[in-house]
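# sequence? don't have it. structure:
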């Protein structure tokens, strides 16, 4: 049973030597079969060799021999670097997403058929949905690129017109497949207390470039939040909408070494969810940041809608100014510096009529006391 300095013992050897082993918790006690204990006198039920059945470690309290049962040994040796790479490979391996058992049957919830018959926003029949999306402060282009569609009879029983968002999940080959839908009704039914959103299947709403080939993943709650972040002025942030405050399980394979921006709502529920997710994401190896909408807005969609309202108000003022002759236009004075051909926007006592660029560039008066 010995090979060199290593003592080879298996659980079968111990049970063969002492069939009446005692068990206490995760420990079993045997009579020692080693030569060091050969000829020892045992009194009653003395069993000095103890085995930890969880780790396989054993020790004889009589001869002080110890070791690891052969049943628990791993074959071959590997360096710490190899073990680390194997652990990373296991943690980041993409696993297939299994639809939950509670998913409704196709005959009661035909969301796949409804997705096939839904109209793209470029279709004339989807004009109502396109206008609804733009009234929410979302530009038509980002919504179309993200696959948003329109269905005039969406849902199961209380069907109606709805803006339809595709919900996707990653597949083992690295592709993304539509595995569910979320529809937002646009017939005003929420005013009567009815549900305004219905979801079928599973998955998350993804804007282009939110996960693939991106070292920064932005996570928000609703599809309109994701579209608002994707079109943010001067700094678009492609995002994924998880549809609430729970993270999808496949995200564990995507976040290692990446920066995750938690763009949840700025209410108590959003802050609590962000704190809970930050702990989980850091354990998965991600760098976590928290991003909130500006006060007093609750979410990014609300802020985008207000930005759009302010932009439209400014455009109406500028248009009215052009029509009344109060704003720069073809019939206004030209800049008098002689270095440009811009329309004047102000009048200076020294320079006369100036455009915006020349007003910022000129500091000294053109006329002196001797002129």
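Sure thing, it's come through. What you see is a predicted model, and the numbers here were worked out from it, not measured in a lab.
# Show me where this protein dips below the pLDDT cut-off.
Within the chain, the ranges that satisfy pLDDT under 70 run 1-6, 39-45, 73-109, 158, 233-234, 244-245, 314-341, 347-353, 361-371.
# can you do 50?
Scanning the chain for pLDDT under 50 picks out 2-5, 75-77, 103-107, 327-331, 363-371.
# Quick check: bridge partners of the most centrally placed residue in the chain?
Note on the chain: the residue nearest the mean C-alpha position is residue 219, at 3.9 Å, using C-alpha atoms, centre = their mean. Beta bridges link residue 219 to residue 240, residue 262 when assigned by DSSP bridges.
# any idea how far it is from residue 171?
Distance of residue 219 to residue 171, given as C-beta to C-beta, to the nearest Å: 20 Å. Placement of C-beta: from N, CA and C, glycine included.
# and the nearest residue to residue 237 once chain neighbours are set aside, how many residues sit next to it?
Counting by C-beta to C-beta, 6 or more residues apart in numbering, residue 237 lies nearest to residue 229, which is 4.3 Å off, once chain neighbours are set aside. Residue 229 has 28 neighbours, counted by other C-beta atoms under 10 Å.
# other SSEs contacting the helix or strand residue 229 falls within?
Assigned by DSSP states H and E, residue 229 belongs to helix 223-230. Here helix 223-230 touches helix 140-145, strand 205-206, strand 216-220, strand 239-241, helix 300-324, going by 3 or more C-beta pairs under 8 Å, 6 or more residues apart in numbering; DSSP states H and E.
# rerun that using 10 Å as the cut-off
With contacts taken as 3 or more C-beta pairs under 10 Å, 6 or more residues apart in numbering; DSSP states H and E, helix 223-230 sits against helix 140-145, strand 160-170, strand 176-185, strand 205-206, strand 216-220, strand 239-241, helix 300-324.
# okay, now the domains of the chain?
As recorded under automatic domain parsing, the domains making up the chain are 2-72, 111-300, 328-371.
# most packed of these?
Highest mean neighbour count of the domains of the chain: domain 111-300, a mean of 18 (counted as mean count of other C-beta atoms under 10 Å).
# now do the same end-to-end measure for it.
Domain 111-300 has its terminal residues 28 Å apart, counting by C-alpha to C-alpha, to the nearest Å.
# returning to that earlier point: looking at the domains of the chain, which is closest to residue 312?
Closest to residue 312 of the domains of the chain is domain 111-300 (C-beta to C-beta; 9.7 Å).
# before we move on, the earlier item: ok, now which ones touch the residue nearest to the centre of the chain?
204, 210, 225-226, 239-242, 247-248, 251, 255, 260-264, 273-274, 277, 281, 288, 291 (C-beta atoms under 10 Å, 6 or more residues apart in numbering).
# wait, residue 248 sits on residue 202?
Yes - counting by C-beta atoms under 10 Å, residue 248 does reach residue 202; the two are 8.3 Å apart.
# which residue packs closest to residue 147, ignoring adjacent ones?
residue 166 (4.7 Å).
# tell me the contacts of that neighbour?
By C-beta under 10 Å, 6+ apart, residue 166 lies in contact with 115, 118, 146-149, 176-182, 201, 203-206, 223.
# Could you pull out the helices in this protein for me?
With helices called from DSSP state H, the chain shows them at 11-17, 80-92, 111-117, 127-135, 140-145, 223-230, 268-283, 300-324, 356-361.
# Can you name every helix or strand that the third one contacts?
With contacts taken as 3+ C-beta pairs under 10 Å, 6+ apart, helix 111-117 sits against strand 149-154, strand 160-170, strand 176-185, strand 197-201.
# Which other helices and strands does the last one contact?
Contacts of strand 197-201 with other secondary structure elements, assessed using 3+ C-beta pairs under 10 Å, 6+ apart, are made with helix 111-117, strand 160-170, strand 176-185.
# One more: the third one?
In this structure, strand 176-185 packs against helix 111-117, helix 127-135, strand 149-154, strand 160-170, strand 197-201, strand 205-206, helix 223-230, with contacts taken as 3+ C-beta pairs under 10 Å, 6+ apart.
# nearest to residue 49, of those?
Residue 49 lies closest to strand 160-170 among the helices and strands packed on strand 176-185, at 51.2 Å (C-beta to C-beta).
# any idea of the angle the closest one forms with strand 197-201?
With axes from the mean of the first three to the mean of the last three C-alpha atoms, to 10 degrees defining the directions, strand 160-170 sits at 40 degrees from strand 197-201.
# mind checking how far strand 160-170 is from the chain centre?
Taking C-alpha atoms, centre = their mean, to the nearest Å, one finds the center of strand 160-170 at 17 Å from the center of the full chain.
# How about stretch 288-300?
In terms of C-alpha atoms, centre = their mean, the centre of stretch 288-300 is set 16 Å apart from its chain centre.
# Can you measure across that stretch, start residue to end residue?
Across its full length, stretch 288-300 reaches 19 Å between end residues, using C-alpha to C-alpha.
# again, but for stretch 144-151
Distance between the two ends of stretch 144-151: 14 Å, counting by C-alpha to C-alpha.
# Quick check: closest non-adjacent residue to residue 17.
Closest residue to residue 17 apart from its sequence neighbours, by C-beta to C-beta, 6+ apart: residue 33 at 4.1 Å.
# In contact with that neighbour: list those residues for me.
1, 9, 13, 14, 16, 17, 18, 49, 60.
# got CSV for those, with distance to residue 27 too?
Shown next, in CSV, are the contacts of residue 33 (distance: C-beta to C-beta, whole Å):
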residue, distance to residue 27
1, 21
9, 15
13, 17
14, 13
16, 19
17, 17
18, 14
49, 11
60, 14
